[in-house]
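Trainee: quick one, structure for this:
(one chain, ligands or ions: 2)
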Amino acid sequence: MLVGHAGVIRTETAGAAGSSVGDRPRFLEVHAHRGGAGLAPENTLAAFRKALELGVDALEMDLHVTRDGVVVVIHDETLERTTDGRGDVGDLSFDAVKRSDAGGKFAPAFRGERVPALQEVIDLVRASGNGRVRLDLELKYHQDRPGKPEDFEGRVLDLLRQTGFAERVNVISFHHPSLAKVKALEPKIRTGLLAGGRTPPPDPVGLVRQFCADYYSPGFRHVTPEAVAALHRAGIPIVPWTVNEETEMRRQMALGIGTLAGDGIATDFPDRLIDLVNARLESRP
Ligand code: G3P
Ligand code: CA
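Mentor: Ligands and ions are numbered 1, 2, ... in the order given. Sure thing, here's the model as predicted:
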């Protein structure tokens, strides 16, 4: 027996891959996209704190590396959109990145939030006492400078080994060779293959296998009953992103998301998804 979202008791066995219950979600992980970007400034400690309070299953976050080699949590290559700072994260020192405010653009009440180092997020999770939540670490590569940051995988792995968090993370990326590299360097790290773009890949199962990933994470518009069936037949869980409307959450579940252990949905509004999952669990006979 597990304590589920917001205290609801879940009776299914966790981690039993392959169980299917038709169109009723049996396993559905709630992934707080960018920490839950609809509820607090994205990729900040405030967002991660809130998501932990809600009881999410995973905190999704985006990683870059500063000029002086610190792995930091921010979506864009540059500071402008989410902070009051300027410049490319990869050209700035960690101290310089830290001087920018990462909360005020979301809402004045969040002024003072900073771009956190990955180490700070790990410290926050550890201090919370939550031994269950996973961290989805997205390795973001520089659009205009292929190969940057250098040895990204090695830097992140070093930190995960030092902190003992290697088995608490899902490393995810659109840069698929990076996933294969992570797996080769540290087989116990779980990886998720991100797929975006206008058209879905023709063979998601083949793609996941080619890059030795553990699950498939497509833009939600790419999810079809055929793709879900093929992936699930192959034992591959699916975590679509970024699903923010309740009607779309329900549609994804009707397509079969949540019928295989490891399936989940990444959302900016984890509170909505938790309510939905809890309502479904409570309405079971
Ligand atoms: O979880 C995958 C998703 O985060 C990819 O999109 O742009 O929000 O990083 P993006
Ligand atoms: Ca991301």
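
Trainee: going by C-alpha atoms from here, please, whenever you check contacts or count neighbours.
Mentor: OK.

Trainee: distance between stretch 132-148 and the chain's centre?
Mentor: With Cα atoms, centre = their mean, to the nearest Å as the basis, stretch 132-148 stands 11 Å off its chain's centre.

Trainee: quick one: pLDDT of A17?
Mentor: On the pLDDT scale, A17 is placed at 33.

Trainee: next one: Q143
Mentor: 74.

Trainee: how many neighbours does the residue nearest to A37 when sequence neighbours are not counted have?
Mentor: Spatial nearest neighbour of A37, chain neighbours left out: D268 (4.7 Å); criterion: Cα to Cα, 6 or more residues apart in numbering. Counted with other Cα atoms under 10 Å, the neighbours of D268 add up to 24.

Trainee: do the same with I172
Mentor: 28.

Trainee: doesn't it lie inside a strand?
Mentor: Yes - assigned with DSSP: H, G, I helix; E, B strand; the rest coil, I172 falls within a strand.

Trainee: so what pairs up with it in the strands?
Mentor: E138, G192 (DSSP bridges).

Trainee: pretty sure it contacts G192?
Mentor: Yes - the criterion here is Cα atoms under 8 Å, and I172 meets it with G192 at 4.6 Å.

Trainee: what is in contact with those two at once?
Mentor: L179 (Cα atoms under 8 Å, 6 or more residues apart in numbering).

Trainee: where do the helices sit along this protein?
Mentor: Using DSSP state H, the helices of the chain run over 45-54, 94-98, 118-128, 152-163, 176-185, 204-210, 225-233, 246-254, 270-282.

Trainee: could those helices go into TSV alongside mean neighbour count, distance to R67 and mean pLDDT?
Mentor: Formatted as TSV, the helices of the chain follow (neighbours: other Cα atoms under 10 Å; distance: least, Cα to Cα, whole Å; pLDDT from 0 to 100):
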stretch	mean neighbour count	distance to R67	mean pLDDT
helix 45-54	21	22	98
helix 94-98	18	7	98
helix 118-128	16	15	98
helix 152-163	16	12	97
helix 176-185	18	20	96
helix 204-210	17	32	98
helix 225-233	17	39	97
helix 246-254	17	39	97
helix 270-282	18	33	92
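
Trainee: residue contacts, D88?
Mentor: D88 neighbours (Cα under 8 Å, 6+ apart): 77-79.

Trainee: and which of the residues you listed is nearest Q143?
Mentor: Nearest to Q143, judged by Cα to Cα, of the contacts of D88 is E77 at 8.4 Å.

Trainee: quick check, pLDDT for the closest one.
Mentor: pLDDT, read off for E77, is 95.

Trainee: that one and R86 touch, don't they?
Mentor: No - contact criterion Cα under 8 Å: E77 and R86 do not qualify, at 10.6 Å.

Trainee: so the two - more neighbours on which side?
Mentor: E77 (19 against 14).

Trainee: for the nearest residue to V73 once chain neighbours are set aside, which residues make a bridge with it?
Mentor: Closest residue in space to V73, ignoring its immediate chain neighbours: L63 at 4.8 Å, by Cα to Cα, 6+ apart. Under DSSP bridges, the beta-bridge partners of L63 are V73, L139.

Trainee: mind checking how far L63 is from V121?
Mentor: 12 Å (Cα to Cα, to the nearest Å).

Trainee: do S93 as well
Mentor: From S93 to V121 the distance is 19 Å (Cα to Cα).

Trainee: what's the answer for I265, then?
Mentor: From I265 to V121 the distance is 21 Å (Cα to Cα).

Trainee: near E80, how many other residues are there?
Mentor: E80 has 14 nearby residues by other Cα under 10 Å.

Trainee: likewise K148?
Mentor: Neighbourhood size, K148 [other Cα under 10 Å]: 15.

Trainee: number the residues from 52 up from this point.
Mentor: Let's use 52 as the start, then, which means that last one is K199.
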